[in-house]
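Asker: Coordinates for the following, if possible.
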Amino acid sequence: MTKKLFPEIIEKHPNADIPIAGLVSKLIQAGNQQFVFMEFDEDIEVADHFHNAQWGVVLEGEMVLSIDGIPRTLSKGDTYYIEKDVVHSAKIKKGYKDLTLFDQVDRYKIK
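Answerer: Numbers count the residues shown, from 1 in each chain. Below is the predicted model:
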């Protein structure tokens, strides 16, 4: 029996179109914001970038998140907040899962 990444209540949502290898994501549109559940099947690095505000909570695994050049290791139960237009990057380890809220109506499209 194959274990689903997320429970059916989340799995029923569409995939977000995020061009990162090894990423499975589920998009929930919430008014002018988007919630994205993410799970990474391999180690990845996300280069410096910026956008509208972002908040997240780590559900499983570990990531090193650099916000404005300051790295912080996050693991299960940790939360983070990135203000609008602040440069950030990440080193995400295989098995990492999170829930992220983007303060942007169109951050991602449905895949």
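Asker: ok, the closest residue to residue 64 other than its chain neighbours - how many residues close by?
Answerer: Nearest non-adjacent residue to residue 64, counting by C-beta to C-beta, 6 or more residues apart in numbering: residue 91, 4.4 Å away. In this view, the C-beta of every residue, glycine as well, is placed from N, C-alpha and C. Using other C-beta atoms under 10 Å, residue 91 has 16 neighbouring residues.
Asker: Pull the contacting residues for residue 91.
Answerer: 43, 44, 45, 46, 63, 64 (C-beta atoms under 8 Å, 6 or more residues apart in numbering).
Asker: Among those residues, which one sits closest to residue 105?
Answerer: Residue 105 has its nearest neighbour among those in residue 46, at 21.6 Å by C-beta to C-beta.
Asker: so how far is residue 16 from the closest one?
Answerer: 14 Å (C-beta to C-beta, to the nearest Å).
Asker: What of residue 93?
Answerer: From residue 93 across to residue 16, the span is 20 Å (C-beta to C-beta).
Asker: Comparing these two, which residue is more hemmed in?
Answerer: residue 16 (22 against 14).
Asker: So the more buried one sits against residue 24, correct?
Answerer: No - counting by C-beta atoms under 8 Å, residue 16 does not reach residue 24; the two are 9.4 Å apart.
Asker: who touches both of these two?
Answerer: By C-beta under 8 Å, 6+ apart, no residue touches both residue 16 and residue 24.
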